[in-house]
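Visitor: here's my sequence, what's the structure:
(one chain, ligands or ions: 1)
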Amino acid sequence: MAVQRTLSIIKPDAVAKNVIGKILTRFENAGLKIVEAKMAQLTKAEAEGFYAVHAARPFFADLVKFMISGPVMIQALEGENAVQVNRDLMGATNPKEAAAGTIRADFAESIDANAVHGSDSAENAAIEIAYFFGK
Ligand code: UDP
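Guide: From the prediction side, this is the model:
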């Protein structure tokens, strides 16, 4: 598997819990390098654009409201098989179903406030990294 990049967001719930450092350490311990990073307060338009693929889903409005409820930390991670390595570190979308020791099992409260975002494919990773960091 080649070296890949993936987009990660530490969501407002995890930033509010003061666990940015703990989450970044998990990425580094798994061999992922933080190659881009910034704190941001997303606008409604930015959050809607980022999650446009979910626009028709019933949870869309609440998801956008949550994502703009406080600052987030956005980073691009690079490493072997980075998309899947990050998904494995994150755990299942619903923290109640997330495997023990995953970020969501340890830091997330609910399926909507679930601590982190991670790209689900190399193709989407490229789109998402460009969305927040440019080319
Ligand atoms: N989400 C939600 N309710 C649901 C499903 C998803 O609020 O029933 C939110 C949740 O924050 C999730 C995001 O929408 O992380 C994107 O959903 P997706 O299925 O892509 O999950 P992920 O890739 O983040 O695990």
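Visitor: verify the contact between residue 40 and residue 70 for me.
Guide: No - counting by CB atoms under 8 Å, residue 40 sits too far from residue 70 to count as a contact (10.6 Å). (Glycine included, C-beta is placed from N, CA and C.)
Visitor: the chain: helices as residue ranges?
Guide: 12-16, 20-29, 44-50, 60-67, 82-90, 103-107, 122-133 (DSSP state H).
Visitor: quick one: closest of those helices to the ligand.
Guide: The ligand lies closest to helix 60-67 among these, at 4.8 Å (CB to the nearest ligand atom).
Visitor: right, is that closest one up against the ligand?
Guide: Yes - using CB under 6 Å from any ligand atom, helix 60-67 reaches the ligand at residue 63.
Visitor: including distance to residue 2, could the helices of the chain go into a markdown table?
Guide: Shown next, in a markdown table, are the helices of the chain (distance: least, CB to CB, whole Å):
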| stretch | distance to residue 2 |
| --- | --- |
| helix 12-16 | 29 |
| helix 20-29 | 18 |
| helix 44-50 | 26 |
| helix 60-67 | 31 |
| helix 82-90 | 10 |
| helix 103-107 | 24 |
| helix 122-133 | 9 |
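Visitor: want to try a markdown table for those helices, with mean pLDDT as columns?
Guide: Compiled in a markdown table, these are given as follows (pLDDT from 0 to 100):
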| stretch | mean pLDDT |
| --- | --- |
| helix 12-16 | 98 |
| helix 20-29 | 98 |
| helix 44-50 | 98 |
| helix 60-67 | 98 |
| helix 82-90 | 98 |
| helix 103-107 | 98 |
| helix 122-133 | 98 |
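Visitor: just give the closest residue to the residue nearest the centre of the chain, not the sequence neighbours.
Guide: Taking CA atoms, centre = their mean, the centroid of the chain lies closest to residue 117, which sits 2.0 Å from it. Of all residues not flanking residue 117 in the chain, residue 9 sits nearest, at 3.9 Å (CB to CB, 6 or more residues apart in numbering).
Visitor: check the one you found and give its pLDDT.
Guide: Residue 9 carries a pLDDT value of 99.
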